[in-house]
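[1] structure for this input, please:
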Amino acid sequence: MSLRNIGIVYRKELREALRDRRTVIASVVIPLFLFPLLSVGFGALVGNIINKTKEASPKVMVVGGEDSPAVLAVLKATPKVEIVPATPNWKDLVVEKEIPVAVEIPSGFDKSVADQKKLEVTIYDYSGELKSEIAAGKLNDSLKAYREEVVKARVVGQKLPADLLDPFKVTQRNIAPPEKSGAALFFGGFIAYIVVFLCFNGGMHPAIDLTAGEKERGTMETILSSPISRSHLVIGKFLLVLTTALSTAALSVVSMGISFALVNTFQAKPVQAGDEGIQMHIGVGAALSVFIMAIPLAVLFSSVQLMIASFAKTYKEAQTYLVPLIFIVIIPAIAAMLPIDLNAKLALVPILNVSLLCKELVIGTYHWNFIAIIFTSTCAYAAVALFLATKMFQRESVLFRS
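    Okay, the predicted model is just below:
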């Protein structure tokens, strides 16, 4: 095998790729700017919306309760809630999101409580609607506190100590550091998803351009007539696709790491162990580990894309073949954000294994046995895909489809 010939093909394809606006946008612009903007910017926007919703004072309709001033006083004293008069169409108003919630108090509620009769207060909300669920949570907390006061009053009325209702306390404390908390695991899965997706997306456009694109431009015959073997030609093209795939993934991790570092720097309160918050951070070791594990995955993607795109006659036809593969890649990548633990069987599943491993690497957990299995198996899959891609370039029926 001549490394010189492969280098000639690689340099030639690299120069042309750098002149291609689509390749530059997919490999540089998107990972550097778009994904950090979407992840950090969208996350900050969502957090701001949730905080504003919690600070708002939603309007709440109270249905009934005219003969129960005690419970009405409790509802009116609920922080950041505005009680408004009920109307006959109060259910429709909740469904149409005119009001977030409505509370129905049964007739004679205060008297029934005094007589120790059990009644039910119903909170009508709009399930899945943020404003409605937050308002319902505020009312539920107030009614729970009122219920506890009623129970304590009954106990004291029986000349029993109020502490009887609270014989012991249960305290739940998180001892995991912030970088390994449940939220951090989700963040690690998100990073894995970005790396996997961009490895595939970064190599897709050059793979199409180096095969179907050259057929469409009529330059494939010229390249094949040069004094370079088919194997050298396909390896040179493959290396260019691999370069763009890895560059895209590396730039995305670096840009997101810088973005999250800036977010953490401007946090008003640092996250400590035991807190429910999360400090989004990508260490140098974690970033390097993720990049190393992405190499065989990028080889696999590049080989498959080059092989499939070689069947197409035009650029659009190649896109038709490759775009559906995005869903095959995304589904196991998204699965890494779910509470799935890496095991020996999953370590053999392509794409999913690397996604789950990257999630662990981001939080600083290194399962060396699984790392060896995943790296070896992914390299094997990549070698098979590269071998098939090389074979495709040996077939005239594939290269010169009419």
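[2] where does the residue nearest to Leu356 when sequence neighbours are not counted fall, helix, sheet strand or coil?
    Among residues not flanking Leu356 along the chain, Leu342 sits closest, at 4.4 Å (Cβ to Cβ, 6 or more residues apart in numbering). Bear in mind the C-beta positions are built from the backbone N, C-alpha and C, glycine included. What DSSP: H, G, I helix; E, B strand; the rest coil gives for Leu342 is coil.
[3] ok, Leu342 touching Leu361?
    No - between Leu342 and Leu361 there is no contact under Cβ atoms under 8 Å: 10.7 Å.
[4] quick one, which of these two is more surrounded?
    Using other Cβ atoms under 10 Å as the criterion, Leu342 and Leu361 rank with Leu361 on top: 27 against 21.
[5] starting at the chain centroid, how far to the helix or strand that contains that one?
    Assigned by DSSP states H and E, Leu361 belongs to helix 352-362. Distance, stretch centre to chain centre, for helix 352-362: 13 Å (Cα atoms, centre = their mean, to the nearest Å).
[6] what packs against it?
    Helix 352-362 is packed against helix 182-208, helix 284-309, helix 315-335, helix 368-392, with contacts defined by 3 or more Cβ pairs under 8 Å, 6 or more residues apart in numbering; DSSP states H and E.
[7] which residue ranges of the stretch 101-250 of the chain form helices?
    Counting by DSSP state H, counting those that start in this stretch, one finds helices in the stretch 101-250 of the chain at the ranges 109-114, 130-157, 182-208, 214-217, 220-224, 230-265.
[8] mean pLDDT lowest for which of these?
    Sorting those by mean pLDDT places helix 220-224 lowest, at a mean of 70.
[9] next one: stretch 340-358 to chain centre, how far?
    Chain-centre distance of stretch 340-358: 17 Å, with Cα atoms, centre = their mean.
[10] report the buried residues of that stretch.
    Neighbour counts over stretch 340-358 (16 or more other Cβ atoms under 10 Å) mark 342, 346-348, 350-358 as buried.
[11] and the residues you listed, which two are furthest apart?
    Using Cβ to Cβ, the pair of those lying farthest apart is Leu348 and Cys358, separated by 16.3 Å.
[12] how far away is the most centrally placed residue in the chain from Ile49?
    Nearest residue to the geometric centre of the chain (Cα atoms, centre = their mean): Phe190, 4.0 Å. Separation of Phe190 from Ile49 (Cβ to Cβ, to the nearest Å) stands at 19 Å.
[13] on that earlier part again, per-residue confidence at the residue nearest to Leu356?
    The model reports Leu342 with a pLDDT of 84.
[14] residues in contact with it?
    Contact analysis of Leu342 by Cβ atoms under 8 Å, 6 or more residues apart in numbering lists Asn353, Leu356, Leu357, Glu360, His367, Phe370.
[15] the second one: what's it in contact with?
    Think Leu356. Neighbouring residues of Leu356 by Cβ under 8 Å, 6+ apart: Ala192, Ala335, Ala336, Ile340, Asp341, Leu342, Leu346.
[16] closest to Ser27 out of those?
    Nearest to Ser27 among the contacts of Leu356 is Ala192, at 19.6 Å by Cβ to Cβ.
[17] low pLDDT regions in the chain?
    In the predicted model, the chain carries pLDDT under 70 at residues 1, 26, 34-36, 38-43, 174-188, 221, 224, 260, 262-283, 396-402.
[18] how is it carved up into domains?
    3-44+177-399, 56-165 (automatic domain parsing).
[19] can I get those domains in a markdown table including distance to Thr171?
    Output for these, formatted as a markdown table (distance: least, Cβ to Cβ, whole Å):
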| stretch | distance to Thr171 |
| --- | --- |
| domain 3-44+177-399 | 11 |
| domain 56-165 | 17 |
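[20] deepest of the ones you listed, which one?
    Highest mean neighbour count among the domains of the chain (mean count of other Cβ atoms under 10 Å): domain 3-44+177-399, with a mean of 19.
[21] export the helices and strands packed on helix 352-362 to TSV and tack on distance to Val9?
    Shown next, in TSV, are these (distance: least, Cβ to Cβ, whole Å):
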stretch	distance to Val9
helix 182-208	13
helix 284-309	13
helix 315-335	20
helix 368-392	13
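[22] for Thr314, which non-adjacent residue is closest in space?
    That would be Glu216: by Cβ to Cβ, 6+ apart, it lies 5.0 Å from Thr314.
[23] same question, Leu386
    Spatial nearest neighbour of Leu386, chain neighbours left out: Ser303 (4.2 Å); criterion: Cβ to Cβ, 6+ apart.
[24] so that neighbour is in contact with Ala382, correct?
    Yes - contact criterion Cβ under 8 Å: Ser303 and Ala382 qualify, at 6.1 Å.
[25] farthest residue from the center of the chain?
    Centroid-distance maximum for the chain: Lys159 at 56.0 Å, with Cα atoms, centre = their mean.
[26] and that one, how close does it get to Gln116?
    Applying Cβ to Cβ, the value for Lys159 to Gln116 is 16 Å.
[27] that older thread, of all the helices of the stretch 101-250 of the chain, which one comes closest to Arg22?
    The minimum distance between Arg22 and those falls on helix 182-208, with 5.1 Å, by Cβ to Cβ.
[28] what distance separates the closest one from the centre of its chain?
    10 Å.
[29] same deal with stretch 284-294?
    Centre-to-centre, stretch 284-294 and its host chain are 19 Å apart (Cα atoms, centre = their mean).
[30] and for stretch 135-143?
    Centroid separation between stretch 135-143 and its chain, computed with Cα atoms, centre = their mean, is 31 Å.
[31] list the contacts of stretch 310-326.
    By Cβ under 8 Å, 6+ apart, stretch 310-326 touches 197, 200-201, 204, 207-209, 211-213, 215-216, 304-305, 308-309, 389, 392-393, 398-399, 401-402.
[32] if I look at the residue nearest to Ile208 when sequence neighbours are not counted, how far off is Leu388?
    In this structure, Ile208 finds its nearest non-sequential neighbour in Ala318, 4.2 Å apart by Cβ to Cβ, 6+ apart. Ala318 sits 17 Å away from Leu388, going by Cβ to Cβ.
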